[in-house]
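Q: quick check, what structure comes out for this input:
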Amino acid sequence: MISLVAIFGILTVSLNLSVGYTGILSVAQAAFMGIGAYAAAILLTQWGFNFFSALPLGMAIAGLLGGGLAWATLRLKGDYYVIASFGFQVILYNILLNWISLTGGPFGIRQIPRPEAFGFTFLSPLRYTLLTLGFLAICLWLARRLGESPYGKVLRAIREDEAAASSIGKNVSRFKIGIFMVSAMLASVGGALYAGLITYIDPFAFTIHESIFILALVIIGGAGNVYGSVVGAAVLISVPEMLRFFDVPTTVASPIREIVYGALMIIFLRLRPKGLLPERITTGVNR
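A: This is a model prediction of the structure:
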């Protein structure tokens, strides 16, 4: 369960960069997660790649597609951008579902090997947990450094008032494309780790429902706070997983889990609208 929390922590941090820092509301994060998962799975099972050599390729593909999506939708704002990102999510899902010769279609890809480096295989749960926590720490460090840098301050300025940021000479389009590419690349890392954890993937794991779930993690954890992303992932994943300790049939556990997710979202939005760890604004951030 800790590995799953770490993976979704990475996904939430990645989405927080675009939603929390820049104000770009996207529901396509599961698509970039799927790109990373399928890139790793295909390269490992069909091309004989090592996980750590397949990972950069998946990041590059996700980054290019994320940049292309951002460039194509630069003029869209608010609800219109949400619809555009939804369209991308649907397109990618259908590609994964119907390109059977490459992705296996609805049957997915099985027997995905665990990551291995220098003869050391991350096979046991403890080893894989340490691996995912290591990647989570790297992603948190990168996101925090980015958020506290002058680049991050410009992102927040764009979020607060795009016209004002443009009026002081900031290339808003370049900043939006750049941060969306970074967000997509980090999401692909989470997808690759997810494929290695489950060792089996299919298109049904990367639907619009998963994107909305990741967005919920951002909102509950605290938009604009990278540590809130991890807290949100821990709460919304660990609490429903506790149902496994009760004698609940599988057919009943899944609907109950969805009800718990919805109830937690309503409670947090009602009592903590800024999330568990709200954004901390330092002097000069929005200038």
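Q: now the helices for the stretch 51-200 of the chain?
A: For the stretch 51-200 of the chain, the helices defined by DSSP state H, counting those that start in this stretch occupy 51-72, 79-98, 100-103, 125-148, 150-160, 162-167, 172-198.
Q: deepest in the core, which of those is it.
A: Mean neighbour count, computed with mean count of other C-beta atoms under 10 Å, is highest for helix 172-198 among the helices of the stretch 51-200 of the chain, reaching a mean of 24. Every residue, glycine included, has its C-beta placed from N, CA and C.
Q: I'd like the next helix or strand past it.
A: Next helix or strand after helix 172-198 toward the C-terminus (DSSP states H and E): helix 208-221.
Q: avg pLDDT for that following helix?
A: Mean pLDDT, computed over helix 208-221, is 90.
Q: and that helix, what does it pack against?
A: helix 2-16, helix 29-45, helix 79-98, helix 226-241, helix 250-271 (3 or more C-beta pairs under 8 Å, 6 or more residues apart in numbering; DSSP states H and E).
Q: now tabulate the helices of the stretch 51-200 of the chain in a markdown table and tack on distance to G275.
A: Conversion of the helices of the stretch 51-200 of the chain to a markdown table gives the following (distance: least, C-beta to C-beta, whole Å):
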| stretch | distance to G275 |
| --- | --- |
| helix 51-72 | 24 |
| helix 79-98 | 20 |
| helix 100-103 | 35 |
| helix 125-148 | 15 |
| helix 150-160 | 15 |
| helix 162-167 | 23 |
| helix 172-198 | 18 |
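Q: to F118, which of those helices lies closest?
A: Nearest of these to F118, taken as C-beta to C-beta: helix 51-72 at 9.9 Å.
Q: just the CA coordinates for that closest one, please, in CSV.
A: The C-alpha trace of helix 51-72 is given here as CSV (Å, rounded to 0.1, in the frame of the first residue of the first chain):
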residue,chain,number,x,y,z
PHE,A,51,13.4,-0.2,-16.7
PHE,A,52,15.8,2.7,-16.1
SER,A,53,16.5,3.0,-19.8
ALA,A,54,12.9,2.8,-20.7
LEU,A,55,11.9,5.5,-18.2
PRO,A,56,13.5,8.5,-20.0
LEU,A,57,11.9,7.4,-23.3
GLY,A,58,8.5,7.3,-21.7
MET,A,59,9.1,10.7,-20.1
ALA,A,60,10.2,12.1,-23.5
ILE,A,61,7.0,10.9,-25.2
ALA,A,62,4.8,12.2,-22.5
GLY,A,63,6.6,15.5,-22.4
LEU,A,64,6.2,16.0,-26.2
LEU,A,65,2.5,15.1,-26.2
GLY,A,66,1.9,17.3,-23.2
GLY,A,67,3.7,20.2,-24.9
GLY,A,68,1.7,19.6,-28.0
LEU,A,69,-1.6,19.6,-26.1
ALA,A,70,-0.6,22.8,-24.3
TRP,A,71,0.4,24.5,-27.5
ALA,A,72,-2.8,23.5,-29.3
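Q: other SSEs contacting that helix?
A: helix 29-45, helix 79-98, strand 116-117, helix 172-198.
Q: and with 6 Å instead?
A: Packed against helix 51-72 by the contact rule (3 or more C-beta pairs under 6 Å, 6 or more residues apart in numbering; DSSP states H and E) you find helix 29-45, helix 172-198.
Q: got the contact list for the shortest one?
A: So that's helix 29-45. 11, 15, 49, 54, 57-58, 61-62, 89, 92, 103, 109, 112-113, 184, 187-188, 190-192, 194-195, 201, 206, 210-211, 214 (C-beta atoms under 6 Å, 6 or more residues apart in numbering).
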